[in-house]
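> structure of the sequence below:
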Amino acid sequence: MLAVKSMDVRENFKSLCDKVFNGETVIISRPKNENVIMLSEREYNDMMQAKRNAEYLAMLDKSMAEAENGGFVVKSIAELEAYE
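Alright, predicted model coming up:
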């Protein structure tokens, strides 16, 4: 992980982009602690996929808990076909 000042980013943008692309994470420090992170698109996509997976697993856990507590309705095939 690399920490740089925002003014240094302007002067070294290409070099920092190359480092980020090669796996480095860059913290850009800004006034009033309004820092930002620079990371590769691949790393961003991985983080977003992990977030979606966690949300999906949480939904499954909630559904399983509801089912275990009797929160489901039993329908026959005929009843389901009647909805069509």
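> mark out where each domain of this structure begins and ends.
Described in terms of automatic domain parsing, the domain architecture of the chain consists of the residue ranges 1-39, 41-84.
> for those domains, which one ends up most surrounded?
Ranked by mean neighbour count under mean count of other C-beta atoms under 10 Å, the domains of the chain are led by domain 1-39, which reaches a mean of 13. (Glycine included, C-beta is placed from N, CA and C.)
> give me the mean pLDDT for it.
Domain 1-39 shows an average pLDDT of 93 in the prediction.
> what about the strands in the chain?
Using DSSP state E, the strands of the chain run over 2-5, 26-29, 36-38.
> wait, which of the ones you listed is closest to residue 67?
The closest approach between residue 67 and any of the strands of the chain, judged by C-beta to C-beta, belongs to strand 36-38 at 39.5 Å.
> other SSEs contacting that closest one?
strand 26-29 (3 or more C-beta pairs under 8 Å, 6 or more residues apart in numbering; DSSP states H and E).
> any idea how far residue 6 is from residue 69?
52 Å (C-beta to C-beta, to the nearest Å).
> remind me, longest helix of this structure?
Of all the segments assigned as helix in the chain under DSSP state H, the longest by residue count is helix 41-68.
> how far does it sit from its chain's centre?
Chain-centre distance of helix 41-68: 9 Å, with C-alpha atoms, centre = their mean, to the nearest Å.
> can you redo the strands of the chain as JSON lines with distance to residue 11?
JSON lines is the format used below for the strands of the chain (distance: least, C-beta to C-beta, whole Å):
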{"stretch": "strand 2-5", "distance to residue 11": "10"}
{"stretch": "strand 26-29", "distance to residue 11": "12"}
{"stretch": "strand 36-38", "distance to residue 11": "14"}
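> what does the pLDDT read for the one residue sitting closest to the centre of the chain?
The centroid of the chain falls nearest to residue 48 when counting by C-alpha atoms, centre = their mean (2.6 Å). The pLDDT attached to residue 48 in the predicted structure is 97.
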